[in-house]
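**Q** Would you be able to build a 3D model of this:
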Amino acid sequence: MSWLEKLQSRWKVKSIAQVVMILIVFALTGFTVVFLKKPVLTYFFEGTPRPLWATVVYYILILPVYNAILLLYGLLLGQFRFFWDFEKRMLNRIFGRTKKNTP
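**A** Numbers count the residues shown, from 1 in each chain. Now for the predicted structure:
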């Protein structure tokens, strides 16, 4: 079983092509976040040395922006449902919500 097939099984998606599109969405989102770092920090610290705390704050505050960009790319590349469910699972893990057992 190839690694793409393992991802297909783990993510419960229909095809290898869908796995590839999901990986492309993750890659585009990551590149976008990295691309945004320099202009954002330069805007706030133009002409002065950038303190270390500014980078730390950037990485903390970028999380909601990352999630929004992930959904946007997911929408543009036809994988919105997967990423919407992915976001819900991630937020449930962060905030400790569990599913209620229904009889």
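
**Q** Tell me which stretches of this structure form helices.
**A** Taking DSSP state H as the criterion, the chain carries its helices at 3-11, 16-44, 52-76, 80-95.

**Q** got JSON lines for those helices, with mean pLDDT and mean neighbour count too?
**A** C-betas here are computed from N, CA, C, even on glycine. Formatted as JSON lines, the helices of the chain follow (pLDDT from 0 to 100; neighbours: other CB atoms under 10 Å):
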{"stretch": "helix 3-11", "mean pLDDT": "93", "mean neighbour count": "13"}
{"stretch": "helix 16-44", "mean pLDDT": "93", "mean neighbour count": "14"}
{"stretch": "helix 52-76", "mean pLDDT": "92", "mean neighbour count": "14"}
{"stretch": "helix 80-95", "mean pLDDT": "90", "mean neighbour count": "13"}
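
**Q** Tell me how far Phe82 lies from Leu23.
**A** With the distance defined as CB to CB, to the nearest Å, Phe82 ends up 11 Å from Leu23.

**Q** Any figure for the gap between Leu7 and Phe44?
**A** When distance is defined by CB to CB, Leu7 is 38 Å away from Phe44.

**Q** what does Val20 give?
**A** Using CB to CB, Val20 is found at 37 Å from Phe44.

**Q** just Arg50 next, same as before
**A** Summarising the geometry, the distance separating Arg50 from Phe44, computed by CB to CB, is 9 Å.
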